[in-house]
Structure formats: structure tokens, C-alpha cells
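Engineer: Model the structure of this input:
(one chain, ligands or ions: 3)
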Amino acid sequence: MKIFFISAAISMMGTGIVIGAEYSNDFSGISTTSYTSNPDLNSFSNRFDSWGVYGSGEGSSRLTDETATGGSEGVVDAAVEGQFFGLVDTYNPEHKADVSITFEINLDRAEYYQVSIDMGAYGLFEDTDSDHILWTYRFGNGEEKVIFNLKPSTEHTVQYQFASGSVVESDRPLVFKQADVYHNTSLSNGLSTYRSNFDGEEGTLYITMKGRIDGSKEAYVFDNLKVASFIPEPGSFLLILVGLLGVSKRD
Ligand SMILES: [Ca+2]
Ligand SMILES: [Ca+2]
Ligand SMILES: [Ca+2]
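Structural biologist: Ligands and ions are numbered 1, 2, ... in the order given. Next up is the predicted model:
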């Protein structure tokens, strides 16, 4: 009899257990990832309009928090290395419509998945017509389902915290509007990780972000789009762990 030991990288995330990282996009190599976008990324000619991948200090000034060196207020700490996806004034003379990007993700089917996205925002967002962000997913040509739904709220205030140490309280942040744990949570500057779980289905996974950030003084940033296979219940995790630790087979 042979005993096979299988080790698995297992980490606690959210209210369940991640058993495998299936997809991870840190935007350091967007040209090698599979996506479709409208309009093309980084295609706006006006430097106050941003739609695409940027590094610290690139694109519209509101993308980056440069207050530590006397610069402007923004979302991503200028000291943080790496590239991220940024939106500023995406509704402009070059593009009078919502913007969208769809990531194509090929997975071996798992029973459950967890998507996680780092997000932050900065500004005084006006109303749903001016500013809105919707993340959805679908498998193959299946039904489109909501992951995150962000809209401005006049009923919320948010504290934006900057690298200089200053804190600015602001009305009308972007707020999660969806029937889950994030409902009525305000999006602050700096990137925080938000997660959502869903059932696995047949077919290629498509994750879409569409929306509009109108005005040069508001910014929305995301980074580290990840998909992991997932076990939502700790009980079922224990059963699988037992299965992983020892698998016996007769010769
Ligand atoms: Ca990044
Ligand atoms: Ca505009
Ligand atoms: Ca706006």
C-alpha cells in the first residue's frame, strides 16, 4: 500500500477557505492578459482624463496621493510601487458613453469561486448619472450577475486619509449598493480588498467592470483582480482536508 500525501496551499479568506489561486492580475502585464475594452485603454489624449493602466504619478493627478511630497490628493499612495487600473473623467469629448472592460478567464470548473478586487476612490461624487461603477460576471453566454454595485450616496460621509497625515471628511462617497455584507459601505482612498463568492458553472468566466467617472476631481482605482476556487463552509473544508492529507491506494 502506498500513501500519497498531497499538500495544498490553504489560506483563510472571508467566510470560507481558499483552496487554489486560479487567476491573478496585478496589472504589471496587461498586454499579456485577455480582455476587451471600450474605449481602448490609455487612449484619451487629454491628460486629465484617465482610463487604463497607470503607475504612481502617471495619468490624472487624482489617481495618486502625492501629499507626502507636497503634491495633490488622490487615491493610491505615491510610495506604493506597481501599476493599477485608474478611471478619471471617463465621460469626455472623446468618449460620450460608459466605459467597460471585460476580462476573459479560463478555469477548470470548481464548485465555488471567490473573486477579490482591491479598490479605492477619491472625490465628491455627484449622482448616479455622473458616477457609477458596476462589476458583473457570467460563465459563457450565461446570465450576467452582479459582483459589486457602486453609486454615489448623499446619505454618507467618508474620511479620506492621505500620506501627509491629513484627513479630509467628505460627503457623497461611492457606496456599495447590493444585498450583502458590503451594503452601504463607503469606498475610501487607499486600496482595500473586497470579496464576493459565487457558484461555479460551465464555460469561460467573464468579469466585467462598466461605468462612468465624470469630472476631473473624482477618481476610482482598482488593482489585484483575483479569482480563487473556494469552500464557503468550514465543515466541508474539514472533509476535504482529510481527503487531501491521506489518499491510500493498493498496488
Ligand atoms: Ca498592481
Ligand atoms: Ca467629463
Ligand atoms: Ca462626477
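Engineer: shaky segments in the stretch 151-251 of the chain?
Structural biologist: Residue ranges of the stretch 151-251 of the chain with pLDDT under 70: 234-251.
Engineer: Contact residues of it facing ligand 1?
Structural biologist: Applying C-beta under 5 Å from the ion, we find that the stretch 151-251 of the chain lies next to ligand 1 at residue 223. (C-beta placed from N, C-alpha, C; glycine too.)
Engineer: Residue of the stretch 151-251 of the chain nearest ligand 1, please.
Structural biologist: residue 223 (4.2 Å; C-beta to the ion).
Engineer: quick one: the strand or helix carrying that residue near ligand 3?
Structural biologist: Secondary structure from DSSP states H and E places residue 223 in strand 219-231. No: residues of strand 219-231 are not located near ligand 3 by C-beta under 5 Å from the ion, the shortest gap being 10.2 Å.
Engineer: Adjacent strands (with direction) for that strand?
Structural biologist: Looking at strand 219-231 with DSSP bridges, its partner strands are strand 16-25 (antiparallel), strand 84-88 (antiparallel), strand 112-122 (antiparallel).
Engineer: In terms of secondary structure, what does whatever helix or strand residue 170 lives in contact?
Structural biologist: Residue 170 is part of strand 167-171, with elements assigned from DSSP H and E. Other elements packing on strand 167-171 under the criterion 3 or more C-beta pairs under 8 Å, 6 or more residues apart in numbering; DSSP states H and E are strand 157-161.
Engineer: Neighbouring strands - and their directions - for the strand it packs on?
Structural biologist: If you go by DSSP bridges, strand 157-161 pairs up with strand 167-171 (antiparallel).
Engineer: ok, how many other residues are close to the closest residue to residue 64 other than its chain neighbours?
Structural biologist: The shortest distance from residue 64 to any non-neighbouring residue, by C-beta to C-beta, 6 or more residues apart in numbering, is to residue 74 (4.6 Å). Neighbourhood size, residue 74 [other C-beta atoms under 10 Å]: 29.
Engineer: Ok, residue 30 next?
Structural biologist: Neighbour number of residue 30 under other C-beta under 10 Å is 17.
Engineer: ok, it to ligand 3 distance?
Structural biologist: Distance, residue 30 to ligand 3, by C-beta to the ion, to the nearest Å: 25 Å.
Engineer: Ok, residue 86 next?
Structural biologist: Using C-beta to the ion, we find residue 86 at a distance of 15 Å from ligand 3.
Engineer: show me where the stretch 151-251 of the chain has helices.
Structural biologist: Along the stretch 151-251 of the chain, counting by DSSP state H, counting those that start in this stretch, helices occupy 234-245.
Engineer: ok, how many other residues are close to the residue nearest to residue 58 when sequence neighbours are not counted?
Structural biologist: In space, and not counting its chain neighbours, residue 58 is closest to residue 64: 7.6 Å by C-beta to C-beta, 6+ apart. Using other C-beta under 10 Å, the number of residues around residue 64 comes to 28.
Engineer: now swap in residue 131 and tell me
Structural biologist: Residue 131 has 26 nearby residues by other C-beta under 10 Å.
Engineer: near ligand 2, which residues of the stretch 101-250 of the chain?
Structural biologist: residue 214.
Engineer: Repeat the analysis, applying 8 Å as the threshold.
Structural biologist: Selection of the stretch 101-250 of the chain residues close to ligand 2 by C-beta under 8 Å from the ion yields 214-216.
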